[in-house]
Structures are given as C-alpha cells and as structure tokens.
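J.: starting from these lines, generate the structure:
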Amino acid sequence: MHMSRDVALPSVNDANTLSVEISKMTPRKSALQSPDLGVTSPWNNGQLFSSASVEWSTPEDFFAKVEAEFGTFELDAAATARNAVCASFLGPELDALSCPDWSLPEMEKRLVWMNPPWGRGIGGWVAKASQQSQEHHLTVVCLLPASTDTSWWHDVVMAHADEVRLIRGRLHFVRDDGHTGPCTKGCALVVFRGESATSPRFSSMTRSHASI
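T.: Model (predicted):
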C-alpha cells in the first residue's frame, strides 16, 4: 500500500470531507467463494502476504463474528473503497500512518477496526494502533499475523495490547480479484483498549467457517 506522508485527517463535520467515498459507500457485502486449492492457485505459490501484494480483504464471516461481540465498528483504519468494512475508512489518500487523530467527532463507542497491509511495514501499523488507542482513548481491534518471533510483536503487542486471541485454524482472505484461499500463517485478534497494560490476556477463538 503506497501512501503520501503529509496528509492530516480532515474533520467529517467539514462538509463530509473525510473522503468523497465515505458518504456514498456501504461496507463490502460480497460473499466468500469456495477456496481454490489447486496447484496453480496464487495462494499456494508464495504470493499471500508477500511484499509484492499486501492488501487482503477481511474475511466477511469472521468480521461478522467479531462485530457481533464488540458492536458496530465506527472506522476502518486501513482500507480502500473496495474492501472497507465500515462506512468511514482511512484509505491510501488519507494516510492513516500520518494522521494525528483517528477519532471522529461522531464516534460514540470509539471503536476502530484495523486489518493492515501484512508486508514488511506492518510493525508501523501496529505501533500506530497502540499509540492512537492510548492517546485518543480508542478501542482498536486488529487482525494480525501471529508473528510471535518479530520485534513488533514483542515491543508493541506484548508491551501494550490488552488482549490477544489466537485464532484456531486458517482464515480465508479475499483478494480484490475475488480469489479466496487459506492464509499461509496463523492469525490473531489483538485488542488495544487505550490502557497501559502490563501484559496482554491470551485466549483462543474459532473462526466461523469450516476448517480445512
């Protein structure tokens, strides 16, 4: 995901200038397709979450499971018009990593969803989610790879997350071309609740569609 670096988050009270797309779009409602697990599938050829292609839509059924528990999310912090799961989202043109404040004036629950690009820069996204949660009293729920061997996991997740839920089984992600397939690595739901947690609470959770 390529983003400009000097864009401040505009106020949605200013004639809905947060994004032209926000007032016109609805969250993605496309159903998951049956996974293609053949040998020619790009998901089996090392392309999933590679640095060459890092944008993968949140699995719709899994997001519904999360939203049923947390309630309606008020902002998707890392999305495009094609894959946003919230009506309000921060797309590439707004650069969520440079925005000083992810909170919107109309927020009631201050609840943010983030499924960031899973490339080499993911550590910056996780650090930003933690910072926004603490500074602006947001609950930021993140769908992340369970990369327990990385610096960002130890420096940010283990140091600042309130909760970590390890997801049992492999999630099926969706590409912009509609192709679906199982993730090549384990996933976790990481929750930052705006508090300085000494260490996260760990638990496990199931995904909502059948295991393979």
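J.: sec struct for the closest residue to His137 other than its chain neighbours, please.
T.: Distances taken as C-beta to C-beta, 6 or more residues apart in numbering place Gly194 nearest to His137, at 4.6 Å, with adjacent residues excluded. Any C-beta I mention is one placed from the backbone N, CA and C, and that applies to glycine too. Three-state assignment for Gly194 (DSSP: H, G, I helix; E, B strand; the rest coil): coil.
J.: what pLDDT is listed against Gly194?
T.: What the model reports for Gly194 is a pLDDT of 86.
J.: burial count for Lys128?
T.: Neighbour count for Lys128, taken as other C-beta atoms under 10 Å: 21.
J.: buried sites along stretch 91-106?
T.: 91-92, 94-97, 99, 102-104 (16 or more other C-beta atoms under 10 Å).
J.: just the mean pLDDT for it, thanks.
T.: In the prediction, stretch 91-106 has an average pLDDT of 93.
J.: which stretches of this structure form helices?
T.: Using DSSP state H, the helices of the chain run over 60-70, 122-136, 151-152, 158-160.
J.: what sits against Leu189?
T.: 66, 141-144, 163-165, 167, 205 (C-beta atoms under 8 Å, 6 or more residues apart in numbering).
J.: could you dump these into CSV and include neighbour count, pLDDT and distance to Trp152?
T.: Converted to CSV, these look like this (neighbours: other C-beta atoms under 10 Å; pLDDT from 0 to 100; distance: C-beta to C-beta, whole Å):
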residue, neighbour count, pLDDT, distance to Trp152
Val66, 21, 97, 22
Val141, 26, 98, 17
Cys142, 25, 98, 11
Leu143, 23, 97, 15
Leu144, 23, 97, 9
Glu163, 16, 97, 17
Val164, 22, 98, 13
Arg165, 20, 98, 18
Ile167, 19, 96, 18
Met205, 17, 96, 21
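J.: now for the helices of the chain, which one comes closest to Val174?
T.: helix 60-70 (7.5 Å; C-beta to C-beta).
J.: packing partners for the closest one?
T.: strand 111-114, strand 139-145 (3 or more C-beta pairs under 8 Å, 6 or more residues apart in numbering; DSSP states H and E).
J.: how about a markdown table for the ones you listed, with distance to Thr198 added?
T.: Output for those, formatted as a markdown table (distance: least, C-beta to C-beta, whole Å):
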| stretch | distance to Thr198 |
| --- | --- |
| strand 111-114 | 23 |
| strand 139-145 | 18 |
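J.: any idea which of these gets closest to Gly123?
T.: Using C-beta to C-beta, the nearest of these to Gly123 is strand 139-145, at 10.3 Å.
J.: return the helix or strand in this protein with minimum mean pLDDT.
T.: strand 180-182 (a mean of 73; mean pLDDT, DSSP states H and E).
J.: from the contact counts, what lies against that strand?
T.: strand 172-174.
J.: now the strand it packs on: buried residues?
T.: 172-174.
J.: quick one: mean pLDDT for that strand?
T.: Averaging pLDDT along strand 172-174 gives 79.
J.: which of the buried residues of strand 172-174 lies closest to Pro200?
T.: Phe173 (23.7 Å).
J.: partners of the least confident helix or strand of the chain, with directions?
T.: strand 172-174 (antiparallel) (DSSP bridges).
J.: one step back: so for Leu111, which of the helices of the chain sits nearest?
T.: helix 60-70 (6.2 Å).
J.: just for the chain, where's the confidence low?
T.: Applying pLDDT under 70 to the chain picks out residues 1-56, 176-178, 196-197, 209-212.
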